[in-house]
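# dropping the sequence and predicted coords here.
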Amino acid sequence: MNSVFVLLVFFLFIILLIPAIIFLIAYLAARSRKKKQKVLLEKIGTPQYYAFVRYNMGNTQNEFFKLKAFQGSGILYVEGRNIYFEDTLHQNPHVFPMSESSIKWEDVNIVNGLLKWFSIADQEKKYYFNIESGMFIFNLDSSKPTTKSVFDKLLQHLNEI
């Protein structure tokens with residue numbers, strides 16, 4: 001009887017431990033993301049418009065076998081006549097001159113986890129973006145922009161030029 005009770009308690013402990021570990025990882029990832037976002041904002045100052053995004057570059061967007069639906073995250077912001085992108089690892093920054101760039105709605109990409117995407121391209125590079133959302137339980141902010149709203153805002157800035 002005692003061994004059955006110990007086994008049952010151990011089994012319940014394991015069942016409860018797994019969700020606790022998942023939530024802990026999600027919480028720590030959300031905290032880390034917020035720190036990285038704060039550093040990026042401090043670096044760029046006060047732009048006309050900005051949004052935190054996830055991104056893919058070039059052909060990576062449509063590759064079927066990959067570990068994640070996105071290459072990384074960063075900030076997309078408008079300053080003057082340019083759209084700037086700076087990733088959190090500072091490896092793939094790019095400046096898109098509005099007069100030489102195109103913005104296109106890519107819609108849902110099945111390969112990339114049914115996420116909505118838009119792209120910005122110039123003569124040099126093409127980047128695909130969607131909104132950095134993270135784990136849903138830690139992002140309950142209803143004022144957070146959507147991928148479509150960021151796309152529309154960038155189009156508005158592009159059309160003003």
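Ah, there it is.
# any idea how far Val9 is from Val78?
Note on Val9: its distance to Val78, by C-beta to C-beta, to the nearest Å, is 57 Å. For glycine as for every other residue, the C-beta is placed from the backbone atoms N, C-alpha and C.
# same question, Ile161
Note on Ile161: its distance to Val78, by C-beta to C-beta, is 10 Å.
# ok now the helix ranked longest in the chain, how far from the chain's centre?
In the chain, with assignment by DSSP state H, the single longest helix is helix 2-44. Centroid separation between helix 2-44 and its chain, computed with C-alpha atoms, centre = their mean, to the nearest Å, is 20 Å.
# tell me what that helix is packed against?
Under the contact definition 3 or more C-beta pairs under 8 Å, 6 or more residues apart in numbering; DSSP states H and E, helix 2-44 sits against strand 49-57, strand 72-79, strand 82-87.
# report the angle between it and strand 72-79.
Put simply, helix 2-44 runs at 30 degrees to strand 72-79, going by axes from the mean of the first three to the mean of the last three C-alpha atoms, to 10 degrees.
# what inclination does helix 2-44 have with respect to strand 49-57?
For helix 2-44 against strand 49-57, the angle by the same axes, to 10 degrees is 120 degrees.
# quick check: mean pLDDT across helix 2-44?
The average of the pLDDT scores along helix 2-44 is 82.
# hang on, the earlier thing: neighbour count: Ile161 and Val78, which is higher?
Taking other C-beta atoms under 10 Å, Ile161 and Val78 do not tie; Val78 has more neighbours (21 against 9).
# dump the residue contacts of the more buried one.
Listed by C-beta atoms under 8 Å, 6 or more residues apart in numbering, the contact set of Val78 reads 47-50, 84, 154, 157.
# mind putting these into CSV with neighbour count?
CSV is the format used below for these (neighbours: other C-beta atoms under 10 Å):
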residue, neighbour count
Pro47, 15
Gln48, 10
Tyr49, 15
Tyr50, 21
Tyr84, 18
Leu154, 23
His157, 16
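# fine by me, thanks again.
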